[in-house]
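Colleague: Requesting a structural model of the entry that follows:
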Amino acid sequence: MIPLMVYTDYLLPEEFVPVSDLISKAVLTDDNIITIICKNINNSPQNHYMAASSEFLNKSACDVLYLLKVALSEYPPIIVEIQKDVNETYMACAARYSALVYEKYSKHPIIIIIGVSTITSSVAIRLAPATTHPYSLEVPCLFWAKRCLLMSSITLSKIELTERLESLAVVSVFLCSQKLSIKYLDSGSDDPTMKLLYKVAITNVQQLVGGKTEEAEAIQSICDNTENQIKKIKRCMQQEDRIAIEKAMLYLDDTSDYLRRQKRKYTMGRQATLIPDTSSIKY
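Modeller: Below is the predicted model:
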């Protein structure tokens, strides 16, 4: 289990960089982060948006989709995409996601693209700095989106070390920096939103690691119980008499039933817990 002291250090394990699928999804679907992003992008009220299923009928999926909690609200859906390399092929994909959202909800969405690595020159040359969100580029999106903003490690590299950032830029720095600790950041380490991002990430890692620990303990218990039963069966078989063989058969039935119960328990998706030892067979 990750120690609780990580909250003071804001330190993630090496395998959980902020841009990883687990961390990015956990952070971007957190209610507090959703409110921060949506308020910053379109000045929506507190708790006006929620994370929704991002899969479409054609089985494709955007990374994160925010929908309104109040169906009659005039605010648009919001798509958030994390992309390593932003090129023309990807931009066509982003336009398709927008069209699918419009087809389903009859509203053109706002699209936020966070480019972690590179933006090809063929894309960058067509974009201009956004007038309302520093360190982002405005993507022309007439007829296919309400608005499309692109932030990347390249645009964020121009941030001054002591500069106070708006929330959307803070989220982008968190994802693009790929820093395991808030202390390693070049900028934004004192920002309240940045601290919240790391806290959300750490909490989710703790839950994941804790779940894996319980699962490992459950597997160990199943193996130990089964091994004990096999030893009982072996001892009975070595006696080579009718009564001992009958006992061995009872142990086999008991073991088979035990394993069926464990299989049913875990294939049904119940929470992993320690399993009590199989009851001894009375004879």
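Colleague: What are the boundaries of the strands in this structure?
Modeller: Using DSSP state E, the strands of the chain run over 49-52, 64-68, 78-86, 110-119, 128-129, 137-138, 147-152.
Colleague: angle of the longest one against strand 64-68?
Modeller: Spelled out, it's strand 110-119. 160 degrees (axes from the mean of the first three to the mean of the last three CA atoms, to 10 degrees).
Colleague: orientation of strand 110-119 relative to strand 147-152 in degrees?
Modeller: On the basis of the same axes, to 10 degrees, strand 110-119 is oriented at 30 degrees to strand 147-152.
Colleague: Mind giving me the packing neighbours of strand 110-119?
Modeller: When contacts are defined as 3 or more CB pairs under 8 Å, 6 or more residues apart in numbering; DSSP states H and E, strand 110-119 packs onto helix 31-42, strand 78-86, helix 88-105, strand 147-152, helix 153-156, helix 167-177. Every C-beta, even on glycine, is put in place using the N, C-alpha and C of the backbone.
Colleague: In the protein, where is pLDDT below threshold?
Modeller: In the predicted model, the chain carries pLDDT under 70 at residues 1-10, 14, 19, 209-218, 268-283.
Colleague: The spatially closest residue to V17 that is not a sequence neighbour and N228, how far apart?
Modeller: Leaving out its chain neighbours, the residue that sits closest to V17 by CB to CB, 6 or more residues apart in numbering is Q178, at 4.7 Å. Taking CB to CB, to the nearest Å as the measure, Q178 falls 47 Å from N228.
Colleague: and what of D257?
Modeller: Going from D257 to N228 by CB to CB gives 15 Å.
Colleague: And the two? Which one has more around it.
Modeller: Set D257 next to N228 and count neighbours by other CB atoms under 10 Å: N228 wins out with 15 against 11.
Colleague: how close does that one get to K234?
Modeller: 11 Å.
Colleague: Over to L196?
Modeller: L196 is 57 Å from K234, by CB to CB.
Colleague: Then Y66?
Modeller: To K234, Y66 is 60 Å away according to CB to CB.
Colleague: quick one, which of these two is more surrounded?
Modeller: Each of Y66 and K234 has its neighbours counted (other CB under 10 Å); Y66 has more, 27 against 11.
Colleague: which one is L65 nearest to, not counting chain neighbours?
Modeller: Using CB to CB, 6+ apart, the nearest residue to L65 is S54, at 4.3 Å.
Colleague: same check, this time on L22
Modeller: Nearest residue to L22, sequence neighbours excluded (CB to CB, 6+ apart): F16, at 6.5 Å.
Colleague: residue contacts, that neighbour?
Modeller: Contacts were defined as CB atoms under 8 Å, 6 or more residues apart in numbering; by that measure F16 touches L22, I23, L180, A201, V205.
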